[in-house]
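Enquirer: Here is a sequence with its predicted model. Questions after.
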Amino acid sequence: MISKLLLLGLALLLCFAWLLPQTMLAAGAPSFALITGNKTDLGKEIQVTVKGTNLTDVFAYEFNIVFDSKRLKFKEAKSAGTGFTVSPIVNGDHLTFAHTKIGEIPGDNGDLTFFSLVFQSIGTGNAAIEIKDVNLVNSKLEKTSQNVGVRVSITIGKPQLNDIAGHWAEASILRAVELGIVTGYNDGKFRPQGQVTRTEFVTMLMRSLQLPLSELNELTFTDLDKIPAWARASVSTAVKAKIIYGFEDNTFRGDKPITRAEMVTILVRAFGLNANSEAKLTFNDAGKIPAYAQKSVAAAANAGLVGGKGNNLFAPKDNTTRAEAVVLILRFLDMK
């Protein structure tokens, strides 16, 4: 309720400011800057900090920003000041960010850091980010508007993954990185044979589905503290969409490696593949596939999405590798 009132208050503040006489920009008009690196690799995160100089009594602000949505995917934003921040509004390649102080207090002066934006690089080439215009409101509710036109360009190169050359999943890994589904590690490795935890797999899946992430944490798992903060929105969204469930003891076991049976069951559910298929399981170890996964595995196999390992074994209890997870997610995406 408090958040709704604050949001309404900011909206009224900015709307009311439009009714006031527009303050003429003085000779020492504010200037703005976008601070970021000029080069990165595909799949990496990019942080952009928005700053201003020569500022007087800034109580509230609204920035309108345009970014290259073909090469950048917006992830999050965080204000550097105290008060109330409106959730960023993203529409295609346009982003609006607004923030206000609260109470009868003076605005900020001088050189300020307004907020930071985080993007995921999803395409190679030169990606531009530009501040189109800024609306500032002072503590007297007087508003000034300024066309800015400040622009930065970031060169995004191909990922320098040094351990996938010649790997059977190399092409799929590079494609998944470009789509923003997965990233490499800081040491330049992808570790294709590394095991995937349940938390990691759900995060990959949510990135591939591009579902709006839940802003409210509705998770009730008893081992919630073992789900990293960076993954909770993805896990919460998957639970809300009934894509994943916990175990009988209400644990999620997010740090547990995900098995092939679990992975296929979740993918079939997430992509809406008919799991009531009458297709028969033909794997030599079909009897070892858990009862909860049999229909899902049969449906996926019948659709040509999963196959057996050596000797036509499905190996349902084998832990899934990063390469296997990427390849299977892409197969389901292509089926969509």
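Expert: The structure has been received and is ready for your questions.

Enquirer: Please count neighbours and contacts with C-alpha atoms only from this point.
Expert: Noted.

Enquirer: Give me the domain ranges for this protein.
Expert: 2-157, 170-335 (automatic domain parsing).

Enquirer: any chance of those domains in CSV, with mean pLDDT and mean neighbour count too?
Expert: Formatted as CSV, the domains of the chain follow (pLDDT from 0 to 100; neighbours: other CA atoms under 10 Å):
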stretch, mean pLDDT, mean neighbour count
domain 2-157, 85, 17
domain 170-335, 90, 18
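
Enquirer: could you dump these to JSON lines with distance to residue 164?
Expert: Below are these laid out as JSON lines (distance: least, CA to CA, whole Å):
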{"stretch": "domain 2-157", "distance to residue 164": "15"}
{"stretch": "domain 170-335", "distance to residue 164": "6"}
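
Enquirer: Tell me which of those sits nearest to residue 163.
Expert: domain 170-335 (5.6 Å; CA to CA).

Enquirer: Could you work out the end-to-end span of the closest one for me?
Expert: 20 Å (CA to CA, to the nearest Å).

Enquirer: gap between it and the chain center?
Expert: Its chain's average C-alpha position is 18 Å from that of domain 170-335, according to CA atoms, centre = their mean, to the nearest Å.

Enquirer: helix/strand/coil for residue 203?
Expert: helix (DSSP: H, G, I helix; E, B strand; the rest coil).

Enquirer: Please state the backbone phi and psi of the closest residue to it other than its chain neighbours?
Expert: In space, and not counting its chain neighbours, residue 203 is closest to residue 234: 5.5 Å by CA to CA, 6 or more residues apart in numbering. For residue 234, the backbone dihedrals (degrees, to the nearest 10) come out as phi -70, psi -50.

Enquirer: same question, residue 231
Expert: phi -110, psi -10.

Enquirer: which non-adjacent residue is nearest it?
Expert: For residue 231, the closest residue by CA to CA, 6+ apart turns out to be residue 203, at 6.3 Å.

Enquirer: cool, residue 77 as well?
Expert: residue 117 (4.4 Å).

Enquirer: Residues in a beta bridge with residue 153, which ones?
Expert: Assessed by DSSP bridges, residue 153 has beta-bridge partners residue 128.

Enquirer: show me what contacts it?
Expert: By CA atoms under 8 Å, 6 or more residues apart in numbering, the contact set of residue 153 is 38, 126, 127, 128, 129.

Enquirer: Now do the fourth one against residue 50, distance only.
Expert: I take that to be residue 128. Taken as CA to CA, the span from residue 128 to residue 50 is 14 Å.

Enquirer: ok, so what distance separates the residue nearest the centre of the chain from residue 99?
Expert: The chain has residue 75 as the residue nearest its centroid, 4.5 Å off, counting by CA atoms, centre = their mean. According to CA to CA, residue 75 stands 18 Å off from residue 99.

Enquirer: What ranges does the stretch 51-200 of the chain have for its strands?
Expert: For the stretch 51-200 of the chain, the strands defined by DSSP state E, counting those that start in this stretch occupy 60-67, 72-79, 84-91, 94-100, 108-121, 125-137, 143-157.

Enquirer: relative to strand 60-67, how tilted is the longest one?
Expert: So that's strand 143-157. Inter-element angle recorded for strand 143-157 and strand 60-67: 30 degrees (by axes from the mean of the first three to the mean of the last three CA atoms, to 10 degrees).

Enquirer: Only C-alpha atoms, please: export strand 143-157 in CSV.
Expert: What follows is strand 143-157, C-alpha atoms only, in CSV (Å, rounded to 0.1, in the frame of the first residue of the first chain):
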residue,chain,number,x,y,z
LYS,A,143,10.5,21.4,-13.4
THR,A,144,13.1,21.8,-16.1
SER,A,145,13.5,19.8,-19.2
GLN,A,146,16.6,19.3,-21.2
ASN,A,147,17.3,17.6,-24.5
VAL,A,148,20.5,15.8,-23.9
GLY,A,149,21.7,13.6,-26.7
VAL,A,150,24.6,12.1,-24.8
ARG,A,151,25.6,8.8,-26.4
VAL,A,152,28.1,6.0,-25.8
SER,A,153,29.0,3.1,-28.1
ILE,A,154,30.2,-0.3,-26.8
THR,A,155,32.0,-2.7,-29.1
ILE,A,156,30.7,-6.3,-28.5
GLY,A,157,33.0,-9.0,-29.7
